[in-house]
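Engineer: structure, please.
(one chain, ligands or ions: 1)
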Amino acid sequence: MLEIEDHSAGEHVAAPRQRTAAVHAGEPKPPIADAITMPIFQSSSYLLGSPEEFDDIRYIRLNNTPNHEALACKLASLERTEAALVTPSGTAAISAVFFSYLRAGDHVIAPEQLYGGTRKILERLITDYGIAVSFVPYEDPAAWERALEPRTRLLYVEPLVNPTLQVPRLDELVAFAKGHRLISVADNTLLSPYNFRPAEMGFDLVLHSASKYLNGHSDVVAGVVAGAGGAVRGVRKTLNLFGACLDPHACFLLQRGLKTLPLRVAAQNESALALARALREHPAVERVHYTGLVEDPSHARAVAWFSGHGGVLSLRVHGGVAAAEQLLERLEYARVAPSFGGVQTFASRPATTSHAGLPKALRQAMGVSEDLVRVAVGLEDPGDLIADFRQAMAAIRA
Ligand code: PLP
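Structural biologist: Numbering: from 1, shown residues only. As a prediction, this is how the structure comes out:
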């Protein structure tokens, strides 16, 4: 029905570079009524035509309106996968994948360190449906092998761990999954396809909270599943049965946000590196976690696999929680808020935001200390951000 510029992997000899894909992939061609941008199709139903099966009947709940299709095409092009799908949140993308692939009696292997919401889905939601989970240390391949069970089906990974910002042994994890015929799933939210494309490394499915970098303006909640055509179609069927769909207006906003993803993330990579370097030198700072710093334990892996280190860093200042709170209070530009990936700088203690739903002892075991501050750099001038952090830390003593 909708003719669009399709630049997904395999369709062309050379895939377009990210800036080109962000602008051109998934755009109507020829333009609809000569409009330069993709219009919003705010129509729940469409003429029936002759759909091949139920999920092809056009209806917003079935996630197949022109806005869904155009967006899916742009996302697949950016992630260099055959297909993609948008979901009403990142959390919906994660749970739709689990409920698509797992049945009672199946088993999942996931690392100990994960976004708190994902950890809760694994620990408290899917276990109620008879699915077992083993949490393993990222750095211990022998433990991954020991965790294997006859019905292990899926391996779940975050290529850049939030908020401690380590890079796992991604190449070995992919080989482990392939060797044991596990479905490998990577949550690429923190890096975005501008910095890393997990499917190129061999991951089967790529997930996103599009509420972060993909949309980029802190005004949409959405998610993405990208991968091979059959796999994405299967997840869409599950999503359709849940009745979960992204509204066409939110699709439009996300499609608009994606056009500037490469420019935004490139600027955020640069600013985060400049801020990390300045923070590392500051006497009030005990530790900075950022893979762009040469001394960071994950630096070599990040340089080998990523084209940028991302816009998120974390730090601990001398003086514990009280000093961390003082820093947050005194910052002029950084908004003290959860989430990341927007145009404004955000700062928060993950113990009170992304990981607040987990018990304190578990947070400690995951390396999320109570005083850890996560900073998600926005698009402000990096010089202003550095000056702001310096003034906010002036009263904190080593
Ligand atoms: N994955 C990661 C890494 C996240 O940080 C988040 C949210 O912070 C999610 C998934 C969930 O995304 P959403 O808030 O869009 O449901």
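
Engineer: for the host helix or strand of Ala323, which residues meet the burial criterion?
Structural biologist: Here Ala323, judged by DSSP states H and E, is contained in helix 320-330. Burial within helix 320-330, assessed by neighbour count using 16 or more other CB atoms under 10 Å, is assigned to 323-328, 330. Glycine gets a C-beta too; all of them are placed from N, C-alpha and C.

Engineer: show me what that helix is in contact with.
Structural biologist: Around helix 320-330, the neighbours that count as contacts under CB atoms under 8 Å, 6 or more residues apart in numbering are 284, 316-317, 319, 334, 336, 347-349, 370-373, 389, 391-393, 395-396.

Engineer: before we move on, the earlier item: pick the one among the buried residues of helix 320-330 closest to Lys259.
Structural biologist: Leu328 (32.5 Å; CB to CB).

Engineer: for the ligand, what's its nearest residue on the protein.
Structural biologist: Across the chain, no residue is closer to the ligand than Gly90, which sits at 2.5 Å (CB to the nearest ligand atom).

Engineer: angles on the backbone of that residue, please.
Structural biologist: When quoted as degrees, to the nearest 10, the phi and psi of Gly90 stand at phi -60, psi -40.

Engineer: neighbours around it, how many?
Structural biologist: Burial of Gly90, expressed as a neighbour count using other CB atoms under 10 Å, amounts to 24.

Engineer: so who does it touch?
Structural biologist: For Gly90, the contacting residues are 187, 189, 207-212, 221-224, by CB under 8 Å, 6+ apart.

Engineer: same list (the residues you listed) but as TSV, adding distance to the ligand.
Structural biologist: Rendered in TSV, the data for those read as follows (distance: CB to the nearest ligand atom, whole Å):
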residue	distance to the ligand
Asp187	5
Thr189	4
Leu207	7
His208	8
Ser209	3
Ala210	7
Ser211	4
Lys212	7
Val221	5
Ala222	7
Gly223	5
Val224	10
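
Engineer: quick one: which of those sit in strands?
Structural biologist: With DSSP state E as the criterion, strands contain 187, 207-209, 223-224 from among these.

Engineer: what's the helix ranked longest in the chain packed up against?
Structural biologist: Across the chain, the longest stretch assigned as helix under DSSP state H is helix 261-281. For helix 261-281, the contact count by 3 or more CB pairs under 8 Å, 6 or more residues apart in numbering; DSSP states H and E identifies helix 18-24, helix 192-195, strand 285-289, strand 312-317, helix 382-393 as packing neighbours.

Engineer: deepest-packed of the ones you listed, please.
Structural biologist: Stretch with highest mean neighbour count among the helices and strands packed on helix 261-281: helix 192-195 (a mean of 27; mean count of other CB atoms under 10 Å).

Engineer: next helix or strand past that helix?
Structural biologist: Using DSSP H and E, the helix or strand that follows helix 192-195 towards the C-terminus is helix 198-201.

Engineer: can you count the residues close to Ala361?
Structural biologist: Counted with other CB under 10 Å, residues neighbouring Ala361 total 8.

Engineer: what average pLDDT does the helix or strand where it lies get?
Structural biologist: Under the criterion of DSSP H and E, Ala361 resides in helix 360-365. Here helix 360-365 scores 87 as its mean pLDDT.

Engineer: before we move on, what about stretch 294-304?
Structural biologist: pLDDT averaged over stretch 294-304 equals 98, rounded to a whole number.

Engineer: swap in stretch 108-127?
Structural biologist: Predicted confidence along stretch 108-127 averages 93 (mean pLDDT).

Engineer: before we move on, what about stretch 30-45?
Structural biologist: Stretch 30-45 shows an average pLDDT of 95 in the prediction.

Engineer: related to what we said a few turns ago, which residues sit against the helix holding Ala361?
Structural biologist: In this structure, residues lying in contact with helix 360-365 by CB under 8 Å, 6+ apart are 112, 119, 350-351, 355, 369-370.

Engineer: mind listing what's buried along it?
Structural biologist: By neighbour count, with 16+ other CB under 10 Å as the criterion, the buried positions of helix 360-365 are Arg363.
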